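Q: fold the following.
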Amino acid sequence: MTTAIDAPQPLAASDGTGAGRPGSDFSRLSARISAAGLMTRRPLYYAVRLTLVGLAFAAGWVALFTVGASWWQLAVAAYLGVVYGQLALVAHDLAHRQVFRGRGASELFGRAVGNLCIGMSYGWWMNKHTRHHANPNHEDLDPDVAPDILVWSREQAAEARGLPRFIGRHQAALFFPLLTLEGFNLHVSSFRALRQPHMKRRWLEAGLLLVHTAAYLGALFWALPVGTAFAVLFVHHAVFGVYLGSIFAPNHKGMPTLKGDERPDFLRRQVLTSRNVRGGVLTDLALGGLNYQIEHHLFPSMPSPHLRKAQPLVRDYCAEIGVPYHETGLVASWREALVHLRDVGAPLREPR
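A: Numbers count the residues shown, from 1 in each chain. Purely as a prediction, here's the structure:
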C-alpha cells in the first residue's frame with residue numbers, strides 16, 4: 001500500500017493503540033502542539049527549499065559537463081552524492097505530506113524527486129516506511145530491523161546463516177564501508193519492488209526509473225572517458241549511501257526493540273524506540289530535521305522547520321508523564337548504534 005504516513009489525530013476514533021481516545025497521553029500532547037500552531041503548513045519554506053535543492057541538483061550536472069575529463073570530477077561526484085541525499089530528504093517530507101496536504105500533489109512531486117531524479121522508487125519506499133512508522137524497532141513488523149546482511153538482535157544473530165553470519169561477526173566495523181553500497185542497493189531494491197503485488201502505478205514507477213537510469217548513464221558515459229565515468233559512478237553513490245546511512249542510523253539503531261505481542265500505546269511506542277540528535281542549524285540542515293526523530297515519529301506530517309520548536313514541548317511532556325526521552329550528540333549517536341551492532345553480533349564471534 002502507499003497510504004500517507006501519519007500519526008493518529010487527536011480525539012479521533014481509537015485505532016487500538018490508545019492514541020485516539022480523549023484523555024490519552026498522546027491526545028493531550030497533540031492538543032498542546034496544535035495550540036502552539038506547529039501543525040500549520042509552511043508553503044514559503046518548502047518553495048524556497050525545493051528551489052534551492054533543485055538548483056543544487058542542476059549545478060552538479062552543469063559542473064560534470066563543464067569540468068571535462070579531469071579527476072576533479074570525483075569532487076563533483078561527491079557533491080552530487082550530498083545533493084542526492086538532500087533530494088531524498090525532500091522526498092521523505094513529500095511522502096509525509098508535510099509539503100502538500102493532498103495525496104495527488106505529494107505523489108506527483110514524490111515520484112518526480114524519487115524515481116526521476118534519484119532513481120529510487122517512491123512507491124516501494126512509501127510501503128516500507130509506512131510499516132516502519134507504524135511499528136518502529138519491532139523485530140517482526142518493522143522492515144528496517146528485519147534480518148538481512150546485518151543482524152539487529154542476538155536472536156537474529158543465532159539464526160543467521162551464510163553471508164549474514166559471516167558479516168555479522170564484524171558488522172560494527174563493516175557498517176560504514178557497507179554503506180558505500182547502499183546507494184546501489186536502493187536502485188536494485190526499487191526495480192525488484194516492481195514485481196511486488198502492493199505496488200501501485202507500477203508502469204509509471206517503472207517508466208520513470210528507466211528514464212532516470214538511461215539519462216544518468218547516458219550523460220555519464222557521453223561526457224566522460226569510460227574509466228572516469230566508472231569512478232564518478234562509484235564515488236557518487238558511495239557518498240550518497242554513507243550520507244543517507246549517517247542520517248538514518250542514529251534514529252533507532254541501538255534503541256529498545258519490540259517483538260511478538262509487545263505493543264505499547266502510540267506515544268510510548270514512538271518515543272521509547274527513537275533517539276534525538278542534538279545540534280544547531282547546520283545539524284538541522286544536514287539531517288533534514290530527522291535529528292528530531294522523536295517529534296517526527298509522533299507528528300509525521302509536522303513541517304520539518306517546526307520540529308525544533310516542538311522538541312521542548314515534547315521533552316517536557318515526557319518528563320511530566322515519566323516517559324524516558326533520549327537525545328545525544330551526532331557522533332555519540334553513531335557510537336551507540338555501532339556498539340549495539342557489535343553487542344548483538346557477539347554470539348557469532350563465539351566458538352561453536
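Q: shaky segments in the stretch 51-200 of the chain?
A: Within the stretch 51-200 of the chain, the set of residues satisfying pLDDT under 70 is empty.
Q: show me where it has its helices.
A: For the stretch 51-200 of the chain, the helices defined by DSSP state H, counting those that start in this stretch cover 73-95, 103-111, 122-134, 154-159, 162-168, 171-179, 182-193.
Q: possible to save those as CSV with mean neighbour count?
A: To be clear about C-beta, it is placed using only N, CA and C from the backbone, and glycine gets the same treatment. Formatted as CSV, these follow (neighbours: other CB atoms under 10 Å):
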stretch, mean neighbour count
helix 73-95, 22
helix 103-111, 18
helix 122-134, 21
helix 154-159, 16
helix 162-168, 15
helix 171-179, 17
helix 182-193, 18
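Q: for Leu285, which of those helices is the nearest?
A: Evaluated over those, closeness to Leu285 peaks at helix 73-95, with 8.8 Å, by CB to CB.
Q: pull the closest one out as PDB, backbone CA atoms only.
A: Presented in PDB, the C-alpha positions along helix 73-95 are these (Å, rounded to 0.1, in the frame of the first residue of the first chain):
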ATOM      1  CA  GLN A  73      35.100  15.100 -11.400                       C
ATOM      2  CA  LEU A  74      35.400  13.000  -8.200                       C
ATOM      3  CA  ALA A  75      34.800  16.200  -6.300                       C
ATOM      4  CA  VAL A  76      31.700  16.700  -8.500                       C
ATOM      5  CA  ALA A  77      30.600  13.200  -7.800                       C
ATOM      6  CA  ALA A  78      30.900  13.700  -4.000                       C
ATOM      7  CA  TYR A  79      28.900  16.900  -4.300                       C
ATOM      8  CA  LEU A  80      26.200  15.100  -6.300                       C
ATOM      9  CA  GLY A  81      26.100  12.400  -3.600                       C
ATOM     10  CA  VAL A  82      25.300  15.000  -0.900                       C
ATOM     11  CA  VAL A  83      22.700  16.600  -3.300                       C
ATOM     12  CA  TYR A  84      21.100  13.200  -3.800                       C
ATOM     13  CA  GLY A  85      20.800  12.900   0.000                       C
ATOM     14  CA  GLN A  86      19.100  16.300   0.200                       C
ATOM     15  CA  LEU A  87      16.700  15.200  -2.600                       C
ATOM     16  CA  ALA A  88      15.900  12.000  -0.600                       C
ATOM     17  CA  LEU A  89      15.100  14.200   2.400                       C
ATOM     18  CA  VAL A  90      12.800  16.300   0.300                       C
ATOM     19  CA  ALA A  91      11.100  13.100  -1.000                       C
ATOM     20  CA  HIS A  92      10.700  12.000   2.600                       C
ATOM     21  CA  ASP A  93       8.900  15.200   3.500                       C
ATOM     22  CA  LEU A  94       6.700  14.900   0.500                       C
ATOM     23  CA  ALA A  95       5.700  11.300   1.500                       C
END
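Q: next one: it to chain centre, how far?
A: 13 Å (CA atoms, centre = their mean, to the nearest Å).
Q: same question, stretch 276-292
A: 13 Å.
Q: got the helices of the stretch 51-200 of the chain as TSV, with distance to Arg263 columns?
A: Formatted as TSV, the helices of the stretch 51-200 of the chain follow (distance: least, CB to CB, whole Å):
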stretch	distance to Arg263
helix 73-95	24
helix 103-111	28
helix 122-134	10
helix 154-159	18
helix 162-168	27
helix 171-179	28
helix 182-193	27
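Q: out of those helices, flag the one nearest Pro300.
A: helix 122-134 (6.1 Å).
Q: show me where the protein has strands.
A: Along the chain, the segments classed as strands by DSSP state E run 276-277, 327-328.
Q: which neighbours does the last one have in its sheet, and in what orientation?
A: The partner list of strand 327-328 in its sheet, established with DSSP bridges, is strand 276-277 (parallel).
Q: if we can go back for a sec, wait, which of the strands of the chain is closest to His252?
A: The closest of the strands of the chain to His252 is strand 276-277. By CB to CB, the value is 11.3 Å.
Q: all helices of the stretch 201-350 of the chain, in order?
A: Using DSSP H, counting those that start in this stretch, helices in the stretch 201-350 of the chain cover 202-223, 226-252, 266-271, 281-287, 293-298, 304-321, 330-344, 346-349.
Q: pretty sure Leu307 is in contact with Gly288, am I right?
A: No - using CB atoms under 8 Å, Leu307 makes no contact with Gly288, being 9.9 Å away.
Q: tell me the centre residue of this structure?
A: The residue lying closest to the centre of the chain (CA atoms, centre = their mean) is Phe248, at 5.2 Å.
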